[in-house]
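J.: A structural model of the following input is requested.
(chains A and B, ligands or ions: 1)
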Amino acid sequence: MANMAQAIRMALHYCETNLDLKDVFGQDVGPPLGGVFTATQGLETAWNSPLDERGIIGMAIGLGLSGDRCVAEIQFGDYIFNTIDLLKIAGNTHWVSNGAYHLPIVVMTPVGAGIRGSIYHSHSFDAWATRLPGWKVVFPSTPLDAYGLMISAVQDPNPVLFLKPKALMRVRGEELLPGEPEDEKQLKKMIDAPVGDRSQWRPQWPQLAEYAVPIGKAKITRHGRALSVVTYGRNVLMCNQVADELQRDGINIEVIDLRSLIPYDWDTIRESVRRSGRVLFVNEDTEVTNFGEHLACRMTKELFYELLAAPRVLAAKNLPGIGLHPNLEEATVPQVGDIKQAILELLEEAP
Amino acid sequence: MATSKAKKSKTSAPRLGAKKSMANSKLDLPKDLLLNIHRLMVKSRVLEDRLIKIYKAGDAYFWIGGPGEEAFGVPLGLLIHKGKGPAYDFLHLHYRCSPTLVAMGMPMIDSIRLIMNRSTDPCTGGRNFANHYCFPEMNVTPVSSPIEVQYPIALGTAWSQRRFGGQGVSIVTGGDAGTAEGDFASCLVWASRKGSELPMLITVQNNRWGISTAFEGQHGESHIADRGKAFNIKTLVINGNDPIESYIKLRESLDYIRLKRKPVLLEAKVSRLYGHSSADGASRRPEEDCVEIFEEKLKRAGILSDRQAQSLWKEYEAEAKEAQETVRLEAPPARESIWEHVYFENENADWRKF
Ligand SMILES: Cc1ncc(C[n+]2csc(CCOP(=O)(O)OP(=O)(O)O)c2C)c(N)n1
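T.: Below you'll find the model as predicted:
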């Protein structure tokens, strides 16, 4: 089974051969490295840009204005902050031109903690991203979803921000991508660049098929009626684990993997919470003005009289960074134990 | 092509209160072209004067524009390969670009619709400020208030044109103070990478002011254009108050870029006739006026008569005034239109409806 880096690579290969994707670029995105997480290795259209985030986003906007499709990468989400006004401009281009221009561009960037990245390789960007009207924001948690969301993102006529959970880039999926060989060693031989001299290396791509995960559709990853957990990215795996543990104690938790933050799948969230009456929103951006708060606020307004407990948000502590030592990192962003505890507390609440 | 005399002409930089720096330059262009440039300069000036009047009459919330930049902007507009897509020139302009668009054929009334923020405003549907144009059919990308962002954005259309081949060029304009932003450096870095040079005309209109900060208050370099030299970019400094020098130098630069597919950095010294914007009063300043000087010069050379000149001004003043009256009666944008065009084809952008 492919890991997420391989899945993104295969999606981009699919897009450059079938969907007229013309440029994949960013720092170290082209040969020889193919991206610090290897998500762009072996691609025909991948090239190395100057080390200039504003240049990268400006270039992407210009390409979009000219009608060319591109995927631009910011090497780490931690370094996207100096491009925020350009991201705002990308988001307002269609609106300010009264519909005359549109920007079919994708920007991808790895985000979040979990790789012991300390204060400048652990930033989240999801809450910030949801404050960029005009953008769509997707955030996969499995290789197959990453594949399907990337294909949808490239096909979308609007700017799409593709957030990659750093901690999951090497995690293998449980489902095969359409066309992926069953043997993961074989896949590795076909598409992973060798160590050392790569100048003569060319990937052998499997016969991939189109598979689009629609933007705006969540996925229920665990079914249950006791409580709904709404999450995305790296936290999906943690929430699934907690749901599996609680299942053994006879407590059935529903886990919703949002997959798209903007637009978000309110129908799935609302129907789930209607059934359970309790909801926990989990993500790893900082807790003050967190995207989960928006969802919790909306939930409170719309389903106030149907709720059995106050909606709760579990997010990162409101701190300026995430420390290197595991004690510091784990105390800062939600861990399996924190999620479990929050769920148990919510279950105890009585109306 | 420029004549040998024009090639030798000195680049003199106008300063505040400087003598008429172009008084002695030769009329090295065909008569019809000279008259056309003059006509468009007058049209653009009349339009800007009208925009200021509209602002002062309370019919607009804000004014910013390009009076004083006609001698640079009009020649630029005349030299554009106008059209849609990478085969044609892309324009990444800033808010002092009316002369260029007037020369490209923009009707006055469209500029007035923009400043009066009517639903008929073809650029933004009543959403943006004066001179924040957008004309996709002429590859004019949205003018944006944050200064200098157009420089890295222009890289993208230039990259597309580089791939496309042909003669299309990406043209980016901006002010002198804005070059302090990193975006200007980004543009020089990306445009000049060896083997990946971009077909771009990078211009700076140096009016020696950034709102109220004088050139010396934020620049150590003698000429902004000198910064291009470090990147092996062809550079030049021109007297942007002289339409003849502007036309010749812009044409040379564009010919070079179209053929060589490499960038040029051109700094044009210009006047800022009405200050920065309505924020500092939009009142006339004692600076060199390129339209007045050029008109005088054409008259002295016997190319233009007093009567011709007067009737030109009158004709455009009447057109601008009438346009204002027309636009005043046009509908404002509807409140419900806020949700239009957030996403392509009006896909739902209202989270209440997710
Ligand atoms: C990023 C940004 N910072 C500040 C401003 C406010 N501002 C508008 S125009 C201007 C001065 C620009 O001066 P210059 O680049 O010389 O251009 P000019 O208007 O003189 O042609 C400033 C500071 C802005 N629009 N954008």
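
J.: alpha carbons only for contacts and neighbour counts from here, please
T.: Fine.

J.: Now for the closest residue to residue B:69 other than its chain neighbours: which residues touch it?
T.: Spatial nearest neighbour of residue B:69, chain neighbours left out: residue B:270 (6.1 Å); criterion: Cα to Cα, 6 or more residues apart in numbering or on different chains. Contact analysis of residue B:270 by Cα atoms under 8 Å, 6 or more residues apart in numbering or on different chains lists B:14, B:68-69, B:72, B:205-207, B:239-241.

J.: The same query, at a cut-off of 6 Å, please.
T.: Residue B:270 sits next to B:206-207, B:240-241 when contact means Cα atoms under 6 Å, 6 or more residues apart in numbering or on different chains.

J.: What ranges does the chain have for its helices?
T.: No chain specified, so I'll use chain A. A:4-18, A:53-66, A:84-96, A:126-129, A:143-155, A:184-191, A:234-248, A:266-276, A:291-303, A:326-332, A:336-348 (DSSP state H).

J.: Oops, wrong one, chain B.
T.: Ranges of helices in chain B, per DSSP H, are B:4-8, B:31-56, B:70-79, B:98-103, B:108-115, B:150-164, B:182-191, B:215-218, B:226-229, B:243-260, B:290-300, B:306-328.

J.: So which of the ones you listed is nearest residue A:60?
T.: helix B:150-164 (6.0 Å; Cα to Cα).

J.: buried sites along the closest one?
T.: Across helix B:150-164, burial judged by 16 or more other Cα atoms under 10 Å in any protein chain shown covers B:150-162.

J.: Quick one: end-to-end length of stretch B:341-354, please.
T.: 16 Å (Cα to Cα, to the nearest Å).

J.: Also stretch B:158-175?
T.: Chord length of stretch B:158-175, first to last residue, is 20 Å (Cα to Cα).

J.: still on that earlier bit, most neighbours among the contacts of residue B:270, which one?
T.: The most neighbours of any of the contacts of residue B:270, using other Cα atoms under 10 Å in any protein chain shown, belong to residue B:240, which has 32 neighbours.

J.: Just read off the phi/psi values of that residue.
T.: phi -70, psi 0 (degrees, to the nearest 10).

J.: residue contacts, it?
T.: Listed by Cα under 6 Å, 6+ apart, the contact set of residue B:240 reads B:72, B:246, B:268-270.

J.: Buried members of these into ChimeraX, please.
T.: Restricted to buried positions by 16+ other Cα under 10 Å, the ChimeraX selection for these reads:
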select /B:72,246,268,269,270
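
J.: Dump the C-alpha coordinates for stretch A:43-54 into CSV.
T.: Provided in CSV are the C-alpha atoms of stretch A:43-54 (Å, rounded to 0.1, in the frame of the first residue of the first chain):
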residue,chain,number,x,y,z
LEU,A,43,7.4,14.1,-12.0
GLU,A,44,7.9,15.4,-15.5
THR,A,45,6.7,18.9,-14.7
ALA,A,46,8.4,19.4,-11.3
TRP,A,47,11.0,22.1,-11.0
ASN,A,48,13.1,23.8,-8.3
SER,A,49,12.2,27.4,-7.5
PRO,A,50,14.2,30.1,-5.8
LEU,A,51,14.0,30.0,-2.0
ASP,A,52,11.3,32.7,-2.0
GLU,A,53,7.8,31.9,-0.7
ARG,A,54,6.3,35.1,-2.0
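
J.: still on that earlier bit, a markdown table for the contacts of residue B:240, including pLDDT?
T.: Formatted as a markdown table, the contacts of residue B:240 follow (pLDDT from 0 to 100):
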| residue | pLDDT |
| --- | --- |
| B:72 | 98 |
| B:246 | 98 |
| B:268 | 98 |
| B:269 | 98 |
| B:270 | 98 |
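
J.: how many other residues sit next to residue A:310?
T.: 18.

J.: For residue 205, which residues are in contact?
T.: I'll assume chain A. Residue A:205 makes no contacts at all, as judged by Cα under 6 Å, 6+ apart.

J.: actually chain B
T.: B:175, B:267-268.

J.: can you check residue B:210 too?
T.: residue B:177.

J.: Mind doing that once more with 10 Å?
T.: Neighbouring residues of residue B:210 by Cα atoms under 10 Å, 6 or more residues apart in numbering or on different chains: B:175-178, B:217-218, B:275-276.

J.: Get me the contact residues on the stretch 151-300 of chain B for the ligand.
T.: Within the stretch 151-300 of chain B, the positions near the ligand by Cα under 6 Å from any ligand atom are B:175-178, B:207, B:209-211, B:276.

J.: With pLDDT and distance to residue B:50 added, can I get these in JSON lines?
T.: As requested, those are exported to JSON lines (pLDDT from 0 to 100; distance: Cα to Cα, whole Å):
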{"residue": "B:175", "pLDDT": "98", "distance to residue B:50": "23"}
{"residue": "B:176", "pLDDT": "98", "distance to residue B:50": "26"}
{"residue": "B:177", "pLDDT": "98", "distance to residue B:50": "27"}
{"residue": "B:178", "pLDDT": "98", "distance to residue B:50": "27"}
{"residue": "B:207", "pLDDT": "96", "distance to residue B:50": "22"}
{"residue": "B:209", "pLDDT": "95", "distance to residue B:50": "24"}
{"residue": "B:210", "pLDDT": "95", "distance to residue B:50": "24"}
{"residue": "B:211", "pLDDT": "95", "distance to residue B:50": "22"}
{"residue": "B:276", "pLDDT": "93", "distance to residue B:50": "17"}
